[in-house]
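Trainee: Just to be clear, the model below is a prediction. Sequence and coordinates:
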Amino acid sequence: GQQLNQSPQSMFIQEGEDVSMNCTSSSIFNTWLWYKQDPGEGPVLLIALYKAGELTSNGRLTAQFGITRKDSFLNISASIPSDVGIYFCAGPRGGSEKLVFGKGTKLTVNP
Amino acid sequence: GAVVSQHPSRVICKSGTSVKIECRSLDFQATTMFWYRQFPKQSLMLMATSNEGSKATYEQGVEKDKFLINHASLTLSTLTVTSAHPEDSSFYICSASQDSGYTFGSGTRLTVV
């Protein structure tokens, strides 16, 4: 079935640094979603991408939908301590409403 | 924005008992809701799709008799973990889909002792 390969698995950065993480798949996705999950909470949507090549920003976050529709990246600029958490990419599986998730990128920001 | 309320946030139960988790869409109607399970340090795995007024559809490997899903109204889906065992201990999360996307509940931490 469709799988999302997310990297890196974890990142340790200093406050103020920029961060980049990405997701790839062997299958085409028509929508890419980026979520953040804090400990003990459900995922919260950060950015949704609906068109190949689309570049979308949400504050310090920027995400792009790859031209091939098989990849996406998320950038966080000027990281701050509250950016700590696990970031997941996700996309609807095979034209259905069912979401498949990447394995997540755990971000640690040192003050 | 769309809000999905999940209750309880934490529950501890004895082995062999059943636990019910509720998922409500507060300001929109959700004909479809989804139930996920998340083990520590792992990703979300879809368990089942809850359809209002009809039977839930379960992912491969998920026991439908163990994880009972009821979606009796357009704003409420429930997941009942029957005859819970310690290996059922996990973080359960629901979500609802609507035109603007998917909204997730805040999750339920189930501990079976």
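Mentor: Arrived safely, thanks for sending. Residues are numbered from 1 along each chain as shown, chains lettered A, B, ... in the order given.

Trainee: all contacts plus neighbour counts: C-alpha atoms, from now on.
Mentor: Noted.

Trainee: Of all the residues in chain A, which one is nearest chain B?
Mentor: Using C-alpha to the nearest C-alpha, the closest approach of chain A to chain B is made by A:Gly42 at 4.2 Å.

Trainee: if I look at that residue, how far off is B:Leu74?
Mentor: 21 Å (C-alpha to C-alpha, to the nearest Å).

Trainee: the more surrounded of these two?
Mentor: For A:Gly42 versus B:Leu74, neighbours defined as other C-alpha atoms under 10 Å in any protein chain shown are more numerous around A:Gly42 (23 against 17).

Trainee: Got phi/psi on B:Ile93?
Mentor: Summarising the backbone geometry of B:Ile93 under the convention degrees, to the nearest 10, its torsions are phi -130, psi 140.

Trainee: cool, the one 4 residues further on as well?
Mentor: Per-residue torsions, B:Ser97: phi -110, psi 150 (degrees, to the nearest 10).

Trainee: Quick check, it in contact with B:Gln29.
Mentor: No - if you go by C-alpha atoms under 8 Å, B:Ser97 and B:Gln29 don't touch, sitting 9.3 Å apart.

Trainee: Tell me which of these two has more neighbours.
Mentor: In this comparison of B:Ser97 against B:Gln29, neighbours counted by other C-alpha under 10 Å, the higher total goes to B:Ser97 at 20 against 16.

Trainee: How about the contacts made by that one?
Mentor: The contact partners of B:Ser97, by C-alpha atoms under 8 Å, 6 or more residues apart in numbering or on different chains, come to A:97, B:30, B:32-33, B:103.

Trainee: Just the buried ones among these, please.
Mentor: A:97, B:30, B:32-33, B:103 (16 or more other C-alpha atoms under 10 Å in any protein chain shown).

Trainee: Pick out whichever of the residues you listed sits closest to A:Gly16.
Mentor: Relative to A:Gly16, the closest of those is B:Thr103; by C-alpha to C-alpha it sits at 29.8 Å.

Trainee: Could you give the bridge partners of the closest one?
Mentor: When bridges are called by DSSP bridges, B:Thr103 pairs up with B:Ala96.

Trainee: show me the contacts for it.
Mentor: Contacts were defined as C-alpha under 8 Å, 6+ apart; by that measure B:Thr103 touches A:44-45, B:2-4, B:95-97.

Trainee: do that again at 10 Å, thanks
Mentor: Contact analysis of B:Thr103 by C-alpha atoms under 10 Å, 6 or more residues apart in numbering or on different chains lists A:42-45, B:1-5, B:25, B:33, B:94-97.

Trainee: what's the answer for A:Glu97, then?
Mentor: So A:Glu97 contacts A:91, B:32-34, B:49, B:97-98, B:101-102 (C-alpha under 10 Å, 6+ apart).

Trainee: In three-state terms, how would it be classified?
Mentor: Here A:Glu97 is recorded as coil under DSSP: H, G, I helix; E, B strand; the rest coil.
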